[in-house]
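Enquirer: Fold the following, please.
(one chain, ligands or ions: 3)
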Amino acid sequence: MALGPRCGAIRACRRVLERAFSLRKAHSIKDMENTLQLVRNIIPPLSSTKHKGQDGRIGVVGGCQEYTGAPYFAAISALKGADLSHVFCASAAAPVIKAYSPELIVHPVLDSPNAVHEVEKWLPRLHALVVGPGLGRDDALLRNVQGILEVSKARDIPVVIDADGLWLVAQQPALIHGYRKAVLTPNHVEFSRLYDAVLRGPMDSDDSHGSVLRLSQALGNVTVVQKGERDILSNGQQVLVCSQEGSSRRCGGQGDLLSGSLGVLVHWALLAGPQKTNGSSPLLVAAFGACSLTRQCNHQAFQKHGRSTTTSDMIAEVGAAFSKLFET
Ligand SMILES: NC(=O)C1=CN([C@@H]2O[C@H](COP(=O)(O)OP(=O)(O)OC[C@H]3O[C@@H](n4cnc5c(N)ncnc54)[C@H](O)[C@@H]3O)[C@@H](O)[C@H]2O)[C@@H](O)CC1
Ligand SMILES: Nc1ncnc2c1ncn2[C@@H]1O[C@H](COP(=O)(O)OP(=O)(O)OP(=O)(O)O)[C@@H](O)[C@H]1O
Ligand SMILES: [Mg+2]
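Expert: Ligands and ions are numbered 1, 2, ... in the order given. Coordinates of the predicted model:
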């Protein structure tokens, strides 16, 4: 009997908390829907008057003897929206990547002494670069990639930097400091490494929004996408959260799908400009689009394949996931 009023108070308290939680959830669903609408605004219409290349010519810089899957995943994901997709890789990786797909244009140049020039001559024909998937950490390759980043910046080419490209940036943050056309896509470990290198101290794991915001600011407002259970995105001014439903399957290669699709979305977003993104940064909107797409692919693939889901299964879902999210 004595517990009666206390139980009532606990129930009332729980109702208040549940209501607050469901309001917060409703609010974040509304935010997500508003941002998805901005992504829809930047997608170029398909048209019979366009020529090959107009919807995007994307380059992936990565691929070495050990890693051939990552550059393939990134490049084929880019090609699901773009018209042409190039891979600039080490010579040992090229025949393997070519054999995975006749649809990719593969240049075995990354370990050549002229690597920077060999890539630079293609830059006038490319709209964006994705730098890092499967690059490895060989010093000579990293030096070449440093040169490629420098010439890309000089030509104002947008760059998505992922995987071992982030390793390079952690060694030399000045390489991309203040470059407003760069997007970094670190996973949990890559983010801590970058944060440590740039802010010279461990991140506050209880404040992921603040950590992403501070890293972006410290890099001169470069866009940062911290991948994880929820993806947190910032350009040092705004913070977006993507919690599109995925699954609990965490096979390797999902980040490559994200960076490749982001390559083409970045091009589309910059082409569309801030009037189509309602004043939000086009790069943030593009990044939100790539995060939502990757997570939706993961969700759909998991429905069909469960625990055996692989990144190839997710790539097979790109078309349907894109339609569901962006062509509704
Ligand atoms: N099939 C392929 O060729 C693939 C190649 N990959 C390449 O492999 C190279 C190394 O990439 P890694 O991502 O392994 O980078 P790192 O070598 O920096 O390793 C990161 C480590 O952190 C762990 N990790 C990841 N997320 C974590 C989290 N949330 N919490 C705790 N630990 C976490 C991973 O298991 C991994 O051991 C890159 O070049 C990458 O592109 C990957 O993209 C996966 C697919
Ligand atoms: N715990 C999680 N729950 C749901 N989705 C997640 C979780 N962790 C990562 N993701 C999603 O998986 C995708 C890839 O993120 P991940 O952290 O696996 O990247 P990665 O380690 O770079 O992948 P890769 O193996 O390609 O290198 C992102 O879209 C991210 O949103
Ligand atoms: Mg990765």
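
Enquirer: State the pLDDT value of the nearest residue to residue 101 once chain neighbours are set aside.
Expert: If the residues on either side of it in the chain are set aside, residue 101 comes closest to residue 76, at 6.0 Å by Cβ to Cβ, 6 or more residues apart in numbering. Any C-beta I mention is one placed from the backbone N, CA and C, and that applies to glycine too. pLDDT, the model's per-residue confidence, is 98 for residue 76.

Enquirer: ok, residue 76 to residue 54 distance?
Expert: Remark: distance between residue 76 and residue 54 (Cβ to Cβ, to the nearest Å) = 20 Å.

Enquirer: the more surrounded of those two?
Expert: Higher neighbour count among residue 76 and residue 54: residue 76, with 23 against 14, using other Cβ atoms under 10 Å.

Enquirer: Now do the residue nearest to residue 101 against ligand 1, distance only.
Expert: According to Cβ to the nearest ligand atom, to the nearest Å, residue 76 and ligand 1 sit 12 Å apart.

Enquirer: and that residue, what element?
Expert: When elements are defined using DSSP states H and E, residue 76 is found to belong to helix 69-79.

Enquirer: As CSV, could you dump the C-alpha coordinates of that helix?
Expert: Presented in CSV, the C-alpha positions along helix 69-79 are these (Å, rounded to 0.1, in the frame of the first residue of the first chain):
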residue,chain,number,x,y,z
GLY,A,69,38.3,-4.3,-53.4
ALA,A,70,38.2,-0.9,-51.8
PRO,A,71,38.9,1.2,-54.9
TYR,A,72,36.6,-1.0,-56.9
PHE,A,73,33.7,-0.6,-54.4
ALA,A,74,34.2,3.2,-54.4
ALA,A,75,34.5,3.6,-58.2
ILE,A,76,31.5,1.3,-59.0
SER,A,77,29.4,3.1,-56.4
ALA,A,78,30.3,6.4,-58.1
LEU,A,79,29.3,5.0,-61.5
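
Enquirer: right, quick check: that helix against ligand 3, any contact?
Expert: No. Helix 69-79 stays clear of ligand 3 (Cβ under 5 Å from the ion), getting no nearer than 7.2 Å.

Enquirer: what about that helix, distance to the chain center?
Expert: With Cα atoms, centre = their mean, to the nearest Å as the basis, helix 69-79 stands 12 Å off its chain's centre.
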